[in-house]
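[1] Curious how this folds, go ahead:
(one chain, ligands or ions: 1)
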Amino acid sequence: MADTIFGKIIRREIPADIVYEDDDVLAFRDLNPQAPVHVLFVPKRAIATLDEAGPGDAELLGKLLLATAAYAREQGLAKDGYRTVINCNEHGGQTVFHLHVHLLAGRRMHWPPG
Ligand code: 5GP
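    Residues are numbered from 1 along each chain as shown. Sure thing, here's the model as predicted:
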């Protein structure tokens with residue numbers, strides 16, 4: 001897949017406010033936060049969209065979600081609650097084509113979303 005801004009962040013070619021890293025996942029603060037806490041969790045091995053994920057990505061996607069939940073718990077966000085979002089393609093609002101989980105917290109979220 002084509003390189004993206006997140007690939008450059010993973011390779012440390014451009015700066016980001018990194019808050020979590022393990023062998024498979026990197027997490028950094030969103031440049032344009034939509035909540036008091038807005039962190040992006042990205043797999044180091046890029047998948048462009050959720051639509052392009054396949055059975056061979058199951059373990060990586062599981063690790064991505066579990067890393068997000070563990071971070072939220074460690075940051076004390078889980079009791080009040082939080083929202084996770086994966087945008088897919090144009091109608092989903094995806095702008096960076098390297099699959100990522102948005103973790104949004106620190107305020108009450110509304111449903112349905114706009
Ligand atoms: P999407 O719209 O693809 O679901 O989410 C992309 C997110 O990446 C947006 O919330 C946007 O603010 C964020 N973003 C775009 N470019 C950068 C960047 O260079 N650094 C960081 N930290 N976030 C970015």
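
[2] hey, let's count contacts and neighbours off CA atoms from now on
    Fine.

[3] hmm, the longest strand belonging to the chain touching the ligand?
    The longest strand of the chain (DSSP state E) is strand 37-43. No - using Cα under 6 Å from any ligand atom, strand 37-43 never reaches the ligand; the gap is at least 7.3 Å.

[4] Would you mind writing the CA trace of the helix ranked longest in the chain as PDB?
    The residue-count maximum for a helix in the chain (DSSP state H) belongs to helix 58-74. The C-alpha coordinates for helix 58-74 follow below in PDB (Å, rounded to 0.1, in the frame of the first residue of the first chain):
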ATOM      1  CA  ALA A  58      -6.900 -11.100  12.900                       C
ATOM      2  CA  GLU A  59      -4.100 -11.300  15.500                       C
ATOM      3  CA  LEU A  60      -2.800  -7.800  14.700                       C
ATOM      4  CA  LEU A  61      -6.300  -6.300  14.900                       C
ATOM      5  CA  GLY A  62      -6.900  -8.000  18.200                       C
ATOM      6  CA  LYS A  63      -3.600  -6.600  19.600                       C
ATOM      7  CA  LEU A  64      -4.600  -3.100  18.300                       C
ATOM      8  CA  LEU A  65      -7.900  -3.200  20.200                       C
ATOM      9  CA  LEU A  66      -6.500  -4.700  23.300                       C
ATOM     10  CA  ALA A  67      -3.600  -2.100  23.400                       C
ATOM     11  CA  THR A  68      -6.300   0.600  23.100                       C
ATOM     12  CA  ALA A  69      -8.300  -0.800  25.900                       C
ATOM     13  CA  ALA A  70      -5.300  -1.300  28.100                       C
ATOM     14  CA  TYR A  71      -4.100   2.200  27.600                       C
ATOM     15  CA  ALA A  72      -7.600   3.600  28.400                       C
ATOM     16  CA  ARG A  73      -7.700   1.500  31.600                       C
ATOM     17  CA  GLU A  74      -4.200   2.600  32.700                       C
END
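
[5] All set, thanks.
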